[in-house]
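In: Fold the stuff below for me.
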Amino acid sequence: MTGSTRYQATFFLGRFLIGMAAALAFSVHLPTIVQAKTTKVFFVTDKGMVIKNGTFDFSLKNIIHYNKFSLDITKEKPYRDGAGRTVAIPDTPTFHGVSEITYHFWHPRHERRLLDAIVVKTYDKNGHLVKHGAFDRGVFVVILSQDLFHGKRIEFQDVGRFIKGDRSLYVKVRIRKSDQTALIPFTTFLSDFTRRINTIPVASWAVK
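Out: Alright, predicted model coming up:
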């Protein structure tokens, strides 16, 4: 390599390194611009639907593992969430003589996030099985759509602790034909579902 060629190579290498250093310095000192965004969801209870502003986190860490989740309620010990909402044994003909209800949340492939069915068993005061049934996802969708969403079709998604500072469980659903997300207190969902058992064809007890 001649002296002139060596000089040109050194010159261009120097310019390249200076350019890289400037770019690196610019990238390091350039402030990161974060787009502020207010998350809005529909908050749905048996009293109606309202838009709720707040801090929500729908990440996997906040979603319950269905295969490790079950509930057992009695007349003396209803299920109570962090906000004081309860799931109690309904005082209806369907649950006449029932002193205990167990709920098992289940998926045939033991998927963490997919709730395929709820197995419900009822017992009398002596611990004898009264009625039982397995109710699949289609039942939840029908009941939720009819009772809480006034006929709007919804997609059942997850159950978890999605509201910052609130340890209560909520059901997350998507309202179909829209990008709208709705949260339902788990107690509202489970109470409404329980009251509807054996009152509509899709939610009938199993035959012994």
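
In: residues of stretch 200-208 that come out buried?
Out: Neighbour-count burial for stretch 200-208 flags A203 (criterion: 16 or more other Cβ atoms under 10 Å). The way it works is simple: take the backbone N, C-alpha and C, and place the C-beta from them, glycine included.

In: roughly how far is that stretch from the heart of the chain?
Out: Distance, stretch centre to chain centre, for stretch 200-208: 26 Å (Cα atoms, centre = their mean, to the nearest Å).

In: Now it: average pLDDT?
Out: Stretch 200-208 carries an average pLDDT of 86.

In: cool, and stretch 65-77?
Out: 90.

In: Now do the helix or strand containing V171: everything it contacts.
Out: Using DSSP states H and E, V171 sits in strand 170-175. If you take Cβ atoms under 8 Å, 6 or more residues apart in numbering as the criterion, strand 170-175 is touched by 42, 58, 144, 149, 152-163, 180-186, 189.

In: Filter those down to the ones in helices?
Out: Among these, the members found in helices (DSSP state H) are 144, 186, 189.

In: Of the residues you listed, which is the most crowded?
Out: The most neighbours of any of the ones in helices among the contacts of strand 170-175, using other Cβ atoms under 10 Å, belong to F189, which has 25 neighbours.

In: contacting residues around that one?
Out: So F189 contacts 140, 144, 171 (Cβ under 8 Å, 6+ apart).

In: Quick check: the last one vs I154, distance?
Out: In this structure, V171 and I154 are separated by 10 Å, where distance is defined by Cβ to Cβ, to the nearest Å.

In: Pull up the pairing partners for the strand holding V171, direction included.
Out: Strand 170-175 sits in its sheet next to strand 154-160 (antiparallel), strand 181-185 (antiparallel), going by DSSP bridges.

In: tell me which residues of that strand are tucked away?
Out: Quick answer for strand 170-175 (16+ other Cβ under 10 Å): 170-173, 175.

In: what bits of this protein have low per-residue confidence?
Out: Applying pLDDT under 70 to the chain flags the ranges 1-39, 108, 110, 112-113, 208.

In: Helices of that one, residue ranges please.
Out: 3-29, 137-147, 186-196.

In: could you give the angle of the last one to strand 181-185?
Out: This points to helix 186-196. Interaxial angle of helix 186-196 relative to strand 181-185 (axes from the mean of the first three to the mean of the last three Cα atoms, to 10 degrees): 70 degrees.

In: can I get the contacts of F189 in CSV with distance to S204?
Out: Formatted as CSV, the contacts of F189 follow (distance: Cβ to Cβ, whole Å):
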residue, distance to S204
F140, 15
L144, 18
V171, 22
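
In: about what we covered before: can you tell me which of the strands paired with strand 170-175 comes nearest to G54?
Out: strand 181-185 (9.6 Å; Cβ to Cβ).

In: tell me how far that closest one is from the chain's mean position?
Out: Mean-position distance between strand 181-185 and its chain equals 8 Å (Cα atoms, centre = their mean).

In: Which of the contacts of F189 sits closest to L114?
Out: Closest to L114, out of all of those and judged by Cβ to Cβ, is F140, at 12.3 Å.

In: residues contacting the closest one?
Out: 115, 118, 156, 189, 193.

In: so the first one touches Y66, yeah?
Out: Yes: counting by Cβ atoms under 8 Å, a contact exists between L115 and Y66, whose distance comes to 5.3 Å.
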